[in-house]
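[1] Got a sequence here, can you build the structure:
(2 chains, ligands or ions: 1)
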Amino acid sequence: MTQQLPVQTLQPMIRVLSDEQVRAIHYATLEILAKTGVEMQDPQGRELLLEAGAWESNGRIKIPENLVTDAIACAPSRIPMYDRLGNLTMPLELGKVFFGSGSDTTFTLDVKTGERRRTMAQDVEDIAHLCDALENMDFIMSMGNPSDVPPDDLYIHEFIRMIRGSVKPIVYTAKNRADMEDIYRIAVAVASDEEALREKPFLLLYAEPISPLLIPEESLQKLTFCAEKGIPASYPPSPNTGGGGPITLAGALALGNAECLVGLIISQLIRPGTPFLYGMNTAAMDMKSTIVSYGSPEWPLGMMAQMDLARYYNLPAWSAGGASDSKVVDAQAGIEMTFSILTNFLARATLVHDVGYIEYGSTSSMEALVIADEIIRMTRFLVDGVAVNETTLALDAIARVRPGAGFLADDHTLDNWKWAQWRPALIDRNRYDRWVKLGRKDMFTRANERAREILEEHQVPPLPEEAEGAIAEVLAERAAAGG
Amino acid sequence: MSDILKQIAEKLYDGEDDAVAELTQRALDEGLTPAEVLNGGLLAGMDRVGVDFRDGELFVPEVLIAARAMHAGMAILRPLLTESDVPSAGKVVIGTVEGDLHDIGKNLVGMMLEGGGFEIVDLGTDVPPDRFIEAIKMEHPNLIGMSALLTTTMPSMKRTIDALMEAGLRDTVRVMVGGAPVTQTFADEIGADGYAPDAASAVELARSLAGQINKSDG
Ligand code: B12
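    This is a model prediction of the structure:
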């Protein structure tokens, strides 16, 4: 018999926009760029665009289609990201899915006291430390704005704490070009030199334009810094529906797409081939509380839709998920985190940040991170699909079984149980009596204990000496300038 | 209260701008004075909107739809009103502080204050202390409202308050602050007069602060 091909496993994937819808949004974006135009506050960005063929009218910069097409063609389709030890751990490519924490929260749930309090520098390092151990956290963000450092040096301290706390790739925030220079200096010291950093980047800038239609000087200068150095950057706008974006998702996507593409164009004009992570954040503004909700169904729906745009452009993309609007880590948090993790995975969002946020991004929680890690594992199992082959069809075992007797002791079970089923680590499936014996612990308590255990036991390789030297220099210079 | 004024207030609450315009005209035709129509109809309706918004019964767009209906009525009344007919709750200079570009929340607070009868002077985003000072000198507001969404820009609120003291203007205005990372504790620390966590409570706060100013003036 001719050797037959194996049955391919369908690994479920969701699109929420048809080809026709994607094109319609793309055309709307082109219309926004060429007819409405954007307000470009950075002089260099303005010059670059005008020289490349954009024009100015009514104070707006208007961008023709060919600049968009050229930039998309020019941008790399993959951004290989490394850990700070030089291992390729996060190849940002379409089809792959990576999760990580979020940036800059004001408060944190203290893992020891449970109290919601202002974030401190040590929290940034501790949370990075925790994420370093969590298998499904692929990258680190600050998860906090330290309140115990000089505000002008805040993002520098965040970066230092992140890079000390974990070896994983870092997605960072900066205030301005001066911050970028200091962060770059530290990163170069970690990598050993500029070339090594460019070849094996372990950091990705998170800067944003302002929806609607405003490209501020400071944020664009952070992006241009990365383009000059050839290191990865993202420029995701937040056209929150009803706030910075139209109330309707399609309009928010068209607008966010336009703003993001301006960033892409600039990055490619400065240095063709600059690694640029496409994407946007179209969360919904709640019309009663006026929060920008990180738990609403609109949020993952928008994130899935922008992945369809990303695939149309053949670019990996930024996304967000695994967060909640709940003030505590409760059932609401569980629902909302699961909802956005599952949907992001199904849509194959490339880089999903904000995992572990509660209170719509105002507070970080280590427990939420630990729980999310479990949700991601669960989701991964589901998205893997149903393998159908000789082993999994189990025809021999079915032929062997005594009717009514079950498969528990069958060799087929004993040989395959380990991979055929998913096993919880944090989710409790104990029978009642054992659960009581173990102390009647709910999910939050178990997550809290796990987090503390990790903080105690997990070891993170220290930074190279030169890197600590560069950090000391940067901080000393800043202290001298500030005092 | 006359029947027609009640109707105006109701239609305004429901956001029916055409009906409000029509009823406003009819009330004038029936011989009511512009001030009566304003106070007994439009403002009475807007007050109910404000209360229900504060109590979490209305959504923001419902408030803005009601405000749109208010404008429809005002378009007819305004040419007929003298300045003293229009009661102003006070004047507020509002802005997002230096280094901060978030303005959705600040804009919303401005809109809600306007709906609550305040006159708003919006300085925009990235407003340094001296621009607040300049505006106070030019506009003579009762209140200033500062917004900050970033930990890194919160200190600019304190710098602005310090600058007000230095310029000898601190006693001429009440200062309110807000924005997601701002707390009552922070507001107290920097010597602000009030803090509100959202737009609905911002209106109430502004009213009570404006009340203090009016009392201390008189
Ligand atoms: C939209 C948004 C943006 C937009 C802003 C667009 C715009 N035109 O405003 C963009 C994309 C530009 C942006 C940029 C940045 N952002 Co931002 N952003 C947000 C987001 C998602 C929502 C904010 C919002 O509009 N909320 C809706 C409004 C209606 O609510 P509000 O602002 O809180 O206002 C209400 C109350 O606070 C109060 N209020 C507000 N002002 C005042 C004033 C007075 C007087 C009173 C009484 C009350 C009051 O009433 C308002 C109405 O109810 C939040 C996260 C979140 N989910 O909240 C992050 C967030 C605020 N951003 C954050 C950060 C870090 C940034 C960036 C530094 C990110 C970066 N990597 O560059 C930049 C900074 C740019 C700059 N220099 O300002 C952090 C701030 C953390 C911190 N403590 O510092 C947040 C919390 C997200 C996070 N966790 O990382 N952001």
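
[2] How many neighbouring residues does residue 92 have?
    No chain in the question, so chain A it is. By the criterion of other Cβ atoms under 10 Å in any protein chain shown, A:Leu92 has 26 neighbours. Backbone N, C-alpha and C define where each C-beta goes, glycine included.

[3] Switch to chain B, please.
    Around B:Val92 there are 28 residues (other Cβ under 10 Å).

[4] Counting neighbours, what do you get for A:Ser77?
    Residue crowding around A:Ser77 was assessed by other Cβ under 10 Å; the count is 12.

[5] list the contacts for the residue nearest to it when sequence neighbours are not counted?
    Excluding the flanking residues, the one nearest A:Ser77 by Cβ to Cβ, 6 or more residues apart in numbering or on different chains is A:Asn314, at 5.3 Å. A:Asn314 makes contacts with A:Ile72, A:Ser77, A:Leu94, as judged by Cβ atoms under 8 Å, 6 or more residues apart in numbering or on different chains.

[6] Quick one: the strands in chain B, in order.
    Secondary structure of chain B (DSSP state E): strands at B:90-96, B:118-122, B:143-147, B:174-178, B:194-195.

[7] what does the stretch 101-250 of chain A give?
    Taking DSSP state E, counting those that start in this stretch as the test, the strands found in the stretch 101-250 of chain A are A:107-109, A:116-118, A:170-172, A:203-206, A:214-215, A:233-234.

[8] residues in contact with the residue of chain B most remote from its centre?
    Most distant from the centre of chain B: B:Glu30, at 31.7 Å, with distances by Cα atoms, centre = their mean. By Cβ under 8 Å, 6+ apart, the contact set of B:Glu30 is B:Ile4.

[9] And it, its phi and psi?
    Backbone torsions for B:Glu30, taken as degrees, to the nearest 10, come to phi -80, psi 0.

[10] coming back round to it: would you turn the contacts of A:Asn314 into JSON lines with distance to A:Asp330?
    Shown next, in JSON lines, are these (distance: Cβ to Cβ, whole Å):
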{"residue": "A:Ile72", "distance to A:Asp330": "43"}
{"residue": "A:Ser77", "distance to A:Asp330": "41"}
{"residue": "A:Leu94", "distance to A:Asp330": "35"}
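
[11] Tabulate the residues you listed in TSV, adding columns for pLDDT.
    Formatted as TSV, these follow (pLDDT from 0 to 100):
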residue	pLDDT
A:Ile72	97
A:Ser77	97
A:Leu94	98
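
[12] mind putting the residues you listed in JSON lines, secondary structure included?
    Formatted as JSON lines, these follow (DSSP: H, G, I helix; E, B strand; the rest coil):
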{"residue": "A:Ile72", "secondary structure": "helix"}
{"residue": "A:Ser77", "secondary structure": "coil"}
{"residue": "A:Leu94", "secondary structure": "coil"}
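
[13] tell me which of these is nearest to chain B?
    A:Ile72 (27.4 Å; Cβ to the nearest Cβ).

[14] Just list the residues touching the residue nearest the centre of chain B, thanks.
    Centroid check for chain B by Cα atoms, centre = their mean gives B:Leu113 as the closest residue, at 1.8 Å. For B:Leu113, the contact set (Cβ under 8 Å, 6+ apart) comprises B:Val92, B:Ile94, B:Ile120, B:Gly145, B:Ala202, B:Val203, B:Ala206.

[15] Tell me, domain by domain, which residues of chain B belong where.
    B:3-83, B:91-217 (automatic domain parsing).

[16] check whether the longest one contacts the ligand.
    Yes: using Cβ under 6 Å from any ligand atom as the criterion, contacts between domain B:91-217 and the ligand involve B:100-106, B:108-109, B:145-147, B:149-151, B:176-181, B:196, B:198-199, B:202, B:205.

[17] so which of the strands of the stretch 101-250 of chain A gets nearest B:Glu189?
    For B:Glu189, the closest of those is strand A:116-118, at 12.1 Å, according to Cβ to Cβ.

[18] what pairs with A:Met40 across the strands?
    Following DSSP bridges, A:Met40 is listed with bridge partners A:Ile215.

[19] For it, list the residues it contacts.
    A:Arg46, A:Leu49, A:Ile61, A:Ile215, A:Leu220, A:Val262.

[20] pLDDT score assigned to the last one?
    Right, the one you point to is A:Val262. A:Val262 carries a pLDDT score of 97 in this model.

[21] how many other residues sit next to it?
    Quick note: A:Val262 (other Cβ under 10 Å) scores 29 neighbours.

[22] pretty sure it is in a helix, no?
    Yes: secondary structure assignment places A:Val262 in a helix (three-state DSSP).
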